[in-house]
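Asks: When you get a sec, could you give me coordinates for this:
(one chain, ligands or ions: 1)
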Amino acid sequence: MNSTTNIVLRRPDDFHVHLRQDADLGEYAREAARVFARVLVMPNLVPPILEGPDVSRYRQAIREQAPALEALMAFKLLPRHTPAQLASLKTAGAVAGKVYPEGVTTNSEDGITDLRQIWPLMPVLEELGLVVCCHGEKPGVFSLDREERFLDEFSQTVTKFPNVRFVLEHVSTASAVECVEHLGANAAATITLHHLEITLDDVIGGMLKPHLFCKPIAKRPSDREALRQAAFSGNPKFFFGSDSAPHLKGKKECAAGCAGVYSMPVALEGLAEVFERAGKLERLEGFCSQFGAEFYGLALNEETVTLVRDAWKVPDLAHGVVPYRAGELLAWRVATLSTGTPLNA
Ligand SMILES: [Zn+2]
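Replies: Okay, here's the model as predicted:
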């Protein structure tokens, strides 16, 4: 990293991405490959990624559509998984099981109601070295309190199984940050770009902004500040997961809109702005290119990516989806990967 007109970073990874499926998959996967070397792909498809063959098929589909992207595969972890099924998931290349509490987000109707329901699987997960990723919201609780109410069972689980790694996904509250800070080294958290920037007021405080509606919903200014301090701290327990979640425009602008922010088209550029505004550009590389890989036990990427100060306007629509910060100017542009190839060539 050098002057303020040019940022050179180790190529980043994104540890929480929704690439969707079928006809939608290609555009979203290639958009991710524009900047990120590796992405952890979420399994909440219809039908979900549940078993080894599902992982193999989905990874193959991603490979065909975006050969340059290394997809790190996750599966939906359910109490009914058997040791043999978990072993087959690992063999198929899965690195993580994702826990969805019942009904808290897109396609989670069959989720669990309490993290303790998967405790019997922990010895097998430990043996296989699979990471457990948690959507940390308690079902049936008032929406602003769902994350906080999940922390108790999360802490108990992390403490009881010190040899299993747990990620609290897309943290949105000061309480969650504090919880992860105080837990052992087997607990980490991902933070999204949009949770570093917006509060609930940006979603509903003035006009209703459906494209900023996500789960967990953005919270108070004090929560956003805690997330920023965690991201800027250099604490390796906090790393980037965009939770980029594309929904077609019509599925957001309607009477019952889907939750999810499509941030992939601006992910790294937006992060550079947030870190620069705070005078913390020197902490960006750890957050998006190092800590996540280390937590997952992966080698760091060798390539670099260069951002240049060259303002550009975010399109109003990308692949049929209204992207995060649509129509706004971004200060940084991703210019090249280390191969020297201009990205828009
Ligand atoms: Zn997600």
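Asks: and residue 188, how far is that from residue 172?
Replies: Going from residue 188 to residue 172 by CB to CB, to the nearest Å gives 16 Å. C-beta coordinates here come from the backbone N, C-alpha and C atoms, glycine included.
Asks: Which one of those two is surrounded by more residues?
Replies: Comparing residue 188 with residue 172 by other CB atoms under 10 Å, the one with more neighbours is residue 172, at 31 against 28.
Asks: so the more buried one touches residue 222, yeah?
Replies: No - applying CB atoms under 8 Å as the test, residue 172 and residue 222 come out as separate, 11.8 Å apart.
Asks: now this structure, which segments are flagged as low pLDDT?
Replies: 1-3, 104, 338-345 (pLDDT under 70).
Asks: what are the ranges of the helices in it?
Replies: Under the criterion DSSP state H, the chain carries helices at the ranges 25-33, 52-65, 83-91, 122-128, 146-160, 174-182, 193-197, 200, 221-232, 249-252, 267-277, 284-285, 291-295.
Asks: winner for burial among these?
Replies: Highest mean neighbour count of these: helix 193-197, a mean of 25 (counted as mean count of other CB atoms under 10 Å).
Asks: Give me the next element, helix or strand, following that helix.
Replies: Per DSSP states H and E, the first helix or strand lying C-terminal to helix 193-197 is helix 200.
Asks: Residues touching that following helix, excluding its own?
Replies: For helix 200, the surrounding residues in contact (CB atoms under 8 Å, 6 or more residues apart in numbering) are 144, 217-220.
Asks: Please check the residues you listed and keep the buried ones.
Replies: Buried members of these, counted by 16 or more other CB atoms under 10 Å: 217-219.
Asks: Strands along the stretch 201-345 of the chain, start to end?
Replies: Remark: strands assigned in the stretch 201-345 of the chain by DSSP state E, counting those that start in this stretch are 238-240, 304-313, 329-337.
Asks: And for the stretch 1-150 of the chain?
Replies: 6-10, 13-17, 38-41, 70-76, 94-99, 131-134.
Asks: Could you check the second one and say which residues are buried?
Replies: Residues 13-17 are the ones in strand 13-17 that count as buried (16+ other CB under 10 Å).
Asks: ok, now the first one?
Replies: Neighbour counts using 16+ other CB under 10 Å place 7, 9-10 of strand 6-10 among the buried residues.
Asks: and the angle for it with strand 304-313?
Replies: Here strand 6-10 runs at an angle of 130 degrees relative to strand 304-313 (axes from the mean of the first three to the mean of the last three CA atoms, to 10 degrees).
Asks: for strand 6-10, packing partners?
Replies: Counting contacts by 3 or more CB pairs under 8 Å, 6 or more residues apart in numbering; DSSP states H and E, strand 6-10 is packed against helix 284-285, strand 304-313.
Asks: so residue 189 bridges to which residues?
Replies: Beta-bridge partners of residue 189, counted by DSSP bridges, are residue 168, residue 238.
Asks: Make sure it is actually in contact with residue 168.
Replies: Yes - contact status for residue 189 versus residue 168: in contact at 4.4 Å, counting by CB under 8 Å.
Asks: what do these two both touch?
Replies: Counting by CB under 8 Å, 6+ apart, the contacts common to residue 189 and residue 168 are 176, 180.
Asks: still on that earlier bit, which of the helices and strands packed on strand 6-10 sits closest to residue 275?
Replies: Residue 275 lies closest to helix 284-285 among the helices and strands packed on strand 6-10, at 4.4 Å (CB to CB).
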